[in-house]
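Undergrad: need a 3D model of the following:
(chains A, B, C and D, ligands or ions: 4)
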2 protein chains.
Amino acid sequence: MTQNVYKAHDHHVCIDSAVSRARALCEEQGARLTPVRQRVLELVWANHKPVGAYDLLPKLAEEGFNSAPPTVYRALDFLLDLGLVHRISSLNAFIGCTHPGEAHPSCFFVCRECGEAQELDAEQVNTIARQAEAMLGVKVEQQMTELMGLCPRCQASA
Amino acid sequence: MTQNVYKAHDHHVCIDSAVSRARALCEEQGARLTPVRQRVLELVWANHKPVGAYDLLPKLAEEGFNSAPPTVYRALDFLLDLGLVHRISSLNAFIGCTHPGEAHPSCFFVCRECGEAQELDAEQVNTIARQAEAMLGVKVEQQMTELMGLCPRCQASA
DNA sequence: GGAGATTAGGTTATAATGTTGCAATTCTAC
DNA sequence: GTAGAATTGCAACATTATAACCTAATCTCC
Ligand SMILES: [Zn+2]
Ligand SMILES: [Zn+2]
Ligand SMILES: [Zn+2]
Ligand SMILES: [Zn+2]
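TA: Numbers count the residues shown, from 1 in each chain, chains lettered A, B, ... in the order given. Ligands and ions are numbered 1, 2, ... in the order given. Okay, the predicted model is just below:
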């Protein structure tokens, strides 16, 4: 488990390290972390809740960025391609990756009450893929797992 | 593995058994498998490819059913609630469940080339959930896994 | 079998999410 | 500098899903 969202932490560190890892990764890959891309990444990391593309638009607008859907979707696609964010399909939303750089399946727990998401470092997902490949002859290229339920905090307050 | 989509089979059997299991399940639960609900189930089972809600509308229209979005979404919600179909979030599409009745996570392999989907019977998904519960203190209520790649047939023809 | 409750369906409009196409600009490499 | 590539601006559009409100069918209980 790379991080634990449910432990108190200085969240500025999360944001700052996300940005510096992004910068390093872009350097390494010859990609450009343009202002709008960096700002989208920061906004995605504003908290640990998956954020919708359309939620980002007004925030970008406030700051003088162009804010039409293609702008934010292009930035998100760029970040997805580099593995800097994941998409939570069941929510149509995006969240920062806690360990970009290393290729890995998207695997998250999402609290249905508070909406916070915790990335999971689940080797079992790869086991599922290998098993499907062995038993069915398929070739797995991408994988995602999404768990939904109640986080510790929301269990306590219920 | 409850079924193997990649093996030749008489698909009418798939459809017929899906409908009769649905009928039994509805009986058991005191739910009503109305004409539009049954027809939506049959259409979802028309093949092994996840189908979008809006793809169903014209087909229902042809057959004289009412065909406005709420009609098909209501039918799909009903079928989802009973566990007769699953939703493939990454495709915004729906597919018949191969073993309704027993509560289980949604776990599929989907071919990016032909679009066919194979439901997987993956105990490892539950392992991920239990591990998350043990390590993070979360309570998992729902889970879904989606694998994407190439099916055996599409690998062969490439 | 009829009154009242419940469930299902019809209809219209609208919200939310995501894409296409093309022109203008900026960056990179030679 | 200049050609080619990548990025952005912009307008329109496509797709997916839901809200709101009402009518019709079905069930329950007497
Ligand atoms: Zn944080
Ligand atoms: Zn990640
Ligand atoms: Zn079949
Ligand atoms: Zn199933």
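Undergrad: what residues of the longest helix along chain A count as buried?
TA: Assignment by DSSP state H gives helix A:11-29 as the longest helix of chain A. Neighbour counts over helix A:11-29 (16 or more other Cβ atoms under 10 Å in any protein chain shown) mark A:14-15, A:18-19, A:21-22, A:25-26 as buried. Every C-beta, even on glycine, is put in place using the N, C-alpha and C of the backbone.
Undergrad: make sure A:Gly101 is indeed in a strand.
TA: No: counting by DSSP: H, G, I helix; E, B strand; the rest coil, A:Gly101 is not part of a strand but coil.
Undergrad: ok, it - contacts?
TA: When contacts are counted by Cβ atoms under 8 Å, 6 or more residues apart in numbering or on different chains, A:Gly101 touches A:21, A:25, A:83.
Undergrad: chain neighbours aside, what residue packs nearest to the last one?
TA: Taking Cβ to Cβ, 6 or more residues apart in numbering or on different chains, and ignoring the residues beside it in sequence, A:Gly83 has A:Pro100 as its nearest neighbour in space, at 4.9 Å.
Undergrad: could you dump the worst-scoring helix or strand of chain A on mean pLDDT to PDB, C-alpha only?
TA: Ranking every helix and strand in chain A by mean pLDDT, DSSP states H and E puts helix A:123-136 at the bottom, with a mean of 92. Presented in PDB, the C-alpha positions along helix A:123-136 are these (Å, rounded to 0.1, in the frame of the first residue of the first chain):
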ATOM      1  CA  GLU A 123      -1.000  -7.900  -6.900                       C
ATOM      2  CA  GLN A 124      -4.200 -10.100  -7.100                       C
ATOM      3  CA  VAL A 125      -5.400  -8.100 -10.000                       C
ATOM      4  CA  ASN A 126      -2.500  -9.300 -12.000                       C
ATOM      5  CA  THR A 127      -3.300 -12.800 -10.800                       C
ATOM      6  CA  ILE A 128      -6.800 -12.500 -12.300                       C
ATOM      7  CA  ALA A 129      -5.300 -11.300 -15.600                       C
ATOM      8  CA  ARG A 130      -2.700 -14.200 -15.700                       C
ATOM      9  CA  GLN A 131      -5.400 -16.700 -14.900                       C
ATOM     10  CA  ALA A 132      -7.700 -15.400 -17.600                       C
ATOM     11  CA  GLU A 133      -4.800 -15.600 -20.100                       C
ATOM     12  CA  ALA A 134      -4.100 -19.100 -19.100                       C
ATOM     13  CA  MET A 135      -7.600 -20.400 -19.000                       C
ATOM     14  CA  LEU A 136      -9.100 -18.500 -21.900                       C
END
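Undergrad: remind me what that helix packs against, helices and strands.
TA: strand A:139-150, strand B:106-111, helix B:123-136, strand B:139-150 (3 or more Cβ pairs under 8 Å, 6 or more residues apart in numbering or on different chains; DSSP states H and E).
Undergrad: so which of the ones you listed is the most packed in?
TA: strand B:106-111 (a mean of 24; mean count of other Cβ atoms under 10 Å in any protein chain shown).
Undergrad: in chain A, what residue comes closest to ligand 3?
TA: A:Leu136 (14.7 Å; Cβ to the ion).
Undergrad: rewinding a little: can you name the element that comes right after the longest helix of chain A?
TA: Following helix A:11-29 in sequence order, the next helix or strand is helix A:35-44 (DSSP states H and E).
Undergrad: I'd guessed A:Tyr6 sits against A:Arg153; true?
TA: Yes: applying Cβ atoms under 8 Å as the test, A:Tyr6 and A:Arg153 come out as touching, 6.5 Å apart.
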